[in-house]
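K.L.:
Predicted model and sequence follow; I will ask about them next.
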Amino acid sequence: MSADLILYNIGELFCPIDNNEPLRGQAMNTAKIMHNAYIAIKAGKIQAIGEGEVPESLISNETQKRDLSGLTVTPGLIDSHTHLVHGGSRENEFSMKLNGVSYLDILAAGGGILSTVNATKTSTFDELYTKAKKSLDTMLIHGTTTVEAKSGYGLEWETEEKQLKVAKKLNEDHPVEVVSTFMGAHAIPTQLKENPEEFIKELTEFMIPEVSKHSLAEFCDVFCEHGVFSVEQTRTILKCAKENNLKIKIHADEIVSLGGAELAAEMGAHSAEHLMAASDEGISLMAKNNVIANLLPGTTFSLMKTSYADARKMIENNLAVALSTDYNPGSCPTENIQLIMQLGSLAMKMSPIEVFNAVTINGAHSLGRGHETGSFEVGKNADIVVFDAPNIDYILYHFGVNHVKEVYKNGNLVVQDRRVI
Ligand SMILES: O=C(O)CC1=NCN=C1
Ligand SMILES: [Zn+2]
């Protein structure tokens with residue numbers, strides 16, 4: 001059957017090896033890299049890929065063709081950890097940060113997340129939608145075709161629900177697929193600071209059941225951190241999430257080594273996020289329980305820390321690693337996943353093949369989308385990024401610029417010459 005569209009003469013085609021599960025350990029450094037390649041697209045899906053001449057059987061008078069000689073093509077990039085929907089910004093805290101005031105001290109003083117909570121509460125649905133749509137456009141022109149969006153800037157039902165409904169409408173309206181996570185357990189609200197157990201009751205007895213009943217999110221996440229939610233409190237909240245059929249993630253060992261990685265393994269979390277301070281025991285237990293390590297080097301960079309999550313140790317321990325922006329107005333205000341990929345190599349010594357697997361097939365699996373995107377298996381969504389670069393190494397080595405030329409989502413051209421169309 002002839003294709004609707006054929007991308008041919010592709011200079012370098014990066015194809016993750018897809019075994020219906022994330023790539024772990026040494027497998028992360030494997031890929032099928034083709035040259036002078038083609039991709040045939042039919043009804044928004046991958047119909048065929050190969051090298052050299054395009055088979056005549058794929059071509060008819062109606063088939064559109066695009067010559068991509070000298071360019072590099074990968075699956076659409078997946079940003080599997082963002083706080084996309086939020087009000088306001090936090091550059092007012094920038095000079096405090098530069099003067100050495102820590103992230104947790106700013107939060108404890110009522111700033112940080114709590115400052116964004118106030119801005120989100122006072123923003124209308126339309127203001128949150130417009131601001132998040134602008135960020136989605138920026139993500140898209142940098143190659144992101146699937147993104148996770150967490151709530152967590154309400155800490156009470158009305159605003160948490162507002163955030164989740166904004167994300168749901170963006171998923172309907174925007175080319176980028178938006179996968180929602182409920183993160184009401186992002187901080188203790190100021191008014192319940194002396195009574196956190198009351199807040200945990202609100203989360204477990206009302207908010208999480210409501211999220212599940214109205215299908216407002218697929219995942220539930222908790223900020224398990226010193227001065228936020230303890231391991232015991234996190235366990236209580238995520239136990240309730242599992243009982244309400246939500247898959248679980250944990251912001252684990254971001255700043256203090258609390259044992260979040262160990263808890264993620266104990267509870268069978270889909271993924272554990274950050275892991276800058278993860279213990280060797282936690283890494284080993286995560287590997288034994290197939291918990292994906294979602295690393296966020298942009299946050300390490302933005303918090304001006306020097307100790308990045310130990311990606312090399314995690315890969316050597318047979319973990320599956322994903323990479324994401326952690327886009328949020330405080331600890332990582334960037335939508336640019338290519339910068340994160342460059343830090344994956346330059347700051348965490350991941351190879352180019354490991355980095356591209358981390359933001360395609362492994363990112364897809366960390367969002368439960370490994371069956372429909374993240375590689376070029378026949379029948380998967382035709383989510384495709386065309387880079388103005390000769391190979392994948394060049395995209396990481398030449399850092400700080402946007403290398404994307406075109407993006408296809410479900411076979412439709414949605415970005416041309418770096419502009420959303
Ligand atoms: O600071 C923020 O708004 C986002 C964040 N949550 C946990 N770490 C960073
Ligand atoms: Zn985060």
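P.N.:
Thanks, I have the structure now. Ligands and ions are numbered 1, 2, ... in the order given.

K.L.:
measure residue 269 to residue 231 for me?
P.N.:
13 Å (C-beta to C-beta, to the nearest Å). Using the backbone N, CA and C atoms, a C-beta is placed for each residue, glycine as well.

K.L.:
Hmm, residue 277 is touching residue 259, no?
P.N.:
No. Residue 277 is beyond contact range of residue 259, at 10.1 Å (criterion: C-beta atoms under 8 Å).

K.L.:
List the residues that contact the closest residue to residue 59 other than its chain neighbours.
P.N.:
The spatially closest residue to residue 59, leaving aside those adjacent along the chain, is residue 2, at 5.9 Å (C-beta to C-beta, 6 or more residues apart in numbering). By C-beta atoms under 8 Å, 6 or more residues apart in numbering, residue 2 lies in contact with 57-60, 62-63.

K.L.:
let's see 6 Å
P.N.:
Each residue near residue 2 by C-beta atoms under 6 Å, 6 or more residues apart in numbering is listed here: 58-60, 63.

K.L.:
Let me see the ranges of the helices in the stretch 251-400 of the chain.
P.N.:
260-267, 280-288, 297-302, 311-316, 337-346, 352-358, 361-366, 392-397 (DSSP state H, counting those that start in this stretch).

K.L.:
Does ligand 1 have contacts with the first one?
P.N.:
If I follow you right, that is helix 260-267. No. Figure legend: helix 260-267 not in contact with ligand 1 (C-beta under 6 Å from any ligand atom); closest approach 11.6 Å.

K.L.:
The third one too?
P.N.:
No. Contact of helix 297-302 with ligand 1 is not found when judged by C-beta under 6 Å from any ligand atom; the minimum separation is 6.7 Å.

K.L.:
At the contact with ligand 1, which residues of the stretch 51-200 of the chain appear?
P.N.:
Near ligand 1, when you scan the stretch 51-200 of the chain using C-beta under 6 Å from any ligand atom, you find 83, 112-113, 116.

K.L.:
Quick check: the residue of the chain most remote from its centre vs residue 47, distance?
P.N.:
Here the chain reaches farthest from its C-alpha mean at residue 61, the gap being 39.4 Å by C-alpha atoms, centre = their mean. For residue 61, the distance to residue 47 (C-beta to C-beta) stands at 17 Å.

K.L.:
Ramachandran coordinates for whichever residue of the stretch 1-150 of the chain sits closest to ligand 1?
P.N.:
Closest contact between the stretch 1-150 of the chain and ligand 1, by C-beta to the nearest ligand atom, is at residue 113 (4.6 Å). When read as degrees, to the nearest 10, the backbone of residue 113 gives phi -50, psi -40.

K.L.:
For the residue in the stretch 201-350 of the chain positioned nearest to ligand 1, grab phi and psi.
P.N.:
Here the stretch 201-350 of the chain gets closest to ligand 1 at one residue, residue 330, 3.3 Å apart by C-beta to the nearest ligand atom. Dihedral angles phi and psi of residue 330 (degrees, to the nearest 10) take the values phi -120, psi -60.

K.L.:
I'd like to check which residues are in contact with it.
P.N.:
By C-beta under 6 Å, 6+ apart, the contact set of residue 330 is 90, 112.

K.L.:
pLDDT score assigned to it?
P.N.:
Per-residue confidence for residue 330 comes out at a pLDDT of 97.
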